[in-house]
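**Q** What follows is a predicted protein model with its sequence.
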Amino acid sequence: MTQAFRRVLATTDLEATSDAALLCASEIARGAHAALGVAVALPVAGRKLSAGDAAERLYDHVRVVTGRERHAFHAFVDEGPARDAILARAEDFDADLIVTGSHGPASHERPERLGSVALSIVRDAGCSVLVCRTTAPRGPVLVALDLGKSSTPVLRAGAAFAQIIGSSATVMHAADVESPDVLVALTTFFSGTVPSGPDPEAMLLLAKSALEAEVAAANVTADVVVLRGDPKRVVINKAESLGASTIVVGATTHPTLARLGLGSVAEAAVKRAEASVFVVRSPPQRAG
């Protein structure tokens, strides 16, 4: 397996609410033998700190949370709005993964589990993003695939992530079999060999065959599940029933399936799922 991550960037506000993301990023970097960067944006939580004072607080905070000394990570103190500073730093650091926290558990009044800065990072980053929940369950990694051309990178990234954190993996596909768009997509996947009007159960069997073929081709060991229904709802429900620690999902989707709203599965997961969410993008192009 090729190296999954080479440069991991963690974000922190030097508060306990972001410590889960910081610790997770450190463990991923250690398991993947990757470089770790830690970024903080000024001002921090409304406090007026000089860049020098913020750097010292950052070094101390990372040491306390992760056990890493100064030489074991790259410290970045940037000024400006957090979203802009983090995205610029990720590009400059050549990060292939940003690890960030969320604002905490949802409530009836506010069902979203993600703050505006974290959500904008997920939407706009040029690399993969892992949103860490402080209270995420400790079950398996759930890798949700759409059977489009982006499935293989998502599957490989999810399998590598599960291996790094020492977790089992479940690979799933959710199919809204009532939609004609699913039939079109399956016909494309099977090079036009799907009958013109198979019944829903036949379509689910075809989708499972496609998913099993994808998993076998990637040489991944995982449980394989195909479920019927709206993917945004089914993926989150499956993660809850498994007690999944992390949902892995692509940032993009099969173009034919875009009309079903599958492109919003990632956003629905990062907003509402109890699990942490790993949104996979193709790695940035590196010079040389």
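**A** Everything's here; your move.

**Q** Show me the strands in the chain, by range?
**A** Taking DSSP state E, the strands of the chain run over residues 7-11, 35-42, 74-79, 97-101, 128-132, 141-144, 169-175, 223-228, 246-250, 276-280.

**Q** Mind putting these into CSV with distance to Pro153?
**A** Every residue, glycine included, has its C-beta placed from N, CA and C. As requested, the strands of the chain are exported to CSV (distance: least, Cβ to Cβ, whole Å):
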stretch, distance to Pro153
strand 7-11, 17
strand 35-42, 21
strand 74-79, 26
strand 97-101, 13
strand 128-132, 9
strand 141-144, 11
strand 169-175, 14
strand 223-228, 18
strand 246-250, 7
strand 276-280, 6
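
**Q** Which one, of these, ends up nearest to Ala210?
**A** Closest approach to Ala210 among these is made by strand 169-175 (7.7 Å; Cβ to Cβ).

**Q** Return the list of helices and strands in contact with that closest one.
**A** Helices and strands touching strand 169-175, by 3 or more Cβ pairs under 8 Å, 6 or more residues apart in numbering; DSSP states H and E, are strand 141-144, helix 151-165, helix 200-217, strand 223-228, helix 231-242.

**Q** Quick check: Ser128 touching Val99?
**A** No: assessed by Cβ atoms under 8 Å, Ser128 is found out of contact with Val99, at 9.6 Å.

**Q** who's more crowded, the two?
**A** Val99 (31 against 28; other Cβ atoms under 10 Å).

**Q** I'd guessed that one sits against Cys132; true?
**A** Yes: in this structure, Val99 is within contact of Cys132 by Cβ under 8 Å, at 6.2 Å.

**Q** how about the helices and strands packed on strand 169-175, which one is nearest Ala16?
**A** helix 151-165 (21.3 Å).

**Q** How about the closest one, which residues are buried there?
**A** 151, 153-164 (16 or more other Cβ atoms under 10 Å).

**Q** from the chain's centre, how far out does that helix sit?
**A** Relative to the centre of its chain, helix 151-165 is centred 10 Å away, using Cα atoms, centre = their mean, to the nearest Å.

**Q** do the same with stretch 241-253
**A** On Cα atoms, centre = their mean, the centre of stretch 241-253 falls 7 Å from the chain's centre.

**Q** What pLDDT does the model give Val122?
**A** We have a pLDDT of 90 for Val122.

**Q** on that earlier part again, I'd like to know which of the helices and strands packed on strand 169-175 is closest to Ala21.
**A** helix 151-165 (13.7 Å).

**Q** tell me the domain ranges of this protein?
**A** Domain assignment for the chain, taken from automatic domain parsing, gives 1-133, 136-288.

**Q** hey, where'd the helices end up in the stretch 1-150 of the chain?
**A** Using DSSP state H, counting those that start in this stretch, the helices found in the stretch 1-150 of the chain span residues 19-32, 51-66, 82-93, 116-124.

**Q** looking at those helices, which is buried most?
**A** Among the helices of the stretch 1-150 of the chain, helix 19-32 has the highest mean neighbour count (mean count of other Cβ atoms under 10 Å), at a mean of 21.

**Q** Summarise which helices and strands it is packed against.
**A** Here helix 19-32 touches strand 7-11, strand 35-42, helix 51-66, strand 97-101, strand 128-132, helix 151-165, going by 3+ Cβ pairs under 8 Å, 6+ apart.

**Q** at 10 Å what do you get?
**A** On a contact count with 3 or more Cβ pairs under 10 Å, 6 or more residues apart in numbering; DSSP states H and E, helix 19-32 meets strand 7-11, strand 35-42, helix 51-66, strand 97-101, strand 128-132, helix 151-165, strand 276-280.

**Q** possible to save those as a markdown table with distance to Ala175 and mean pLDDT?
**A** As requested, the helices and strands packed on helix 19-32 are exported to a markdown table (distance: least, Cβ to Cβ, whole Å; pLDDT from 0 to 100):
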| stretch | distance to Ala175 | mean pLDDT |
| --- | --- | --- |
| strand 7-11 | 34 | 97 |
| strand 35-42 | 39 | 94 |
| helix 51-66 | 41 | 94 |
| strand 97-101 | 29 | 96 |
| strand 128-132 | 25 | 95 |
| helix 151-165 | 14 | 93 |
| strand 276-280 | 20 | 95 |
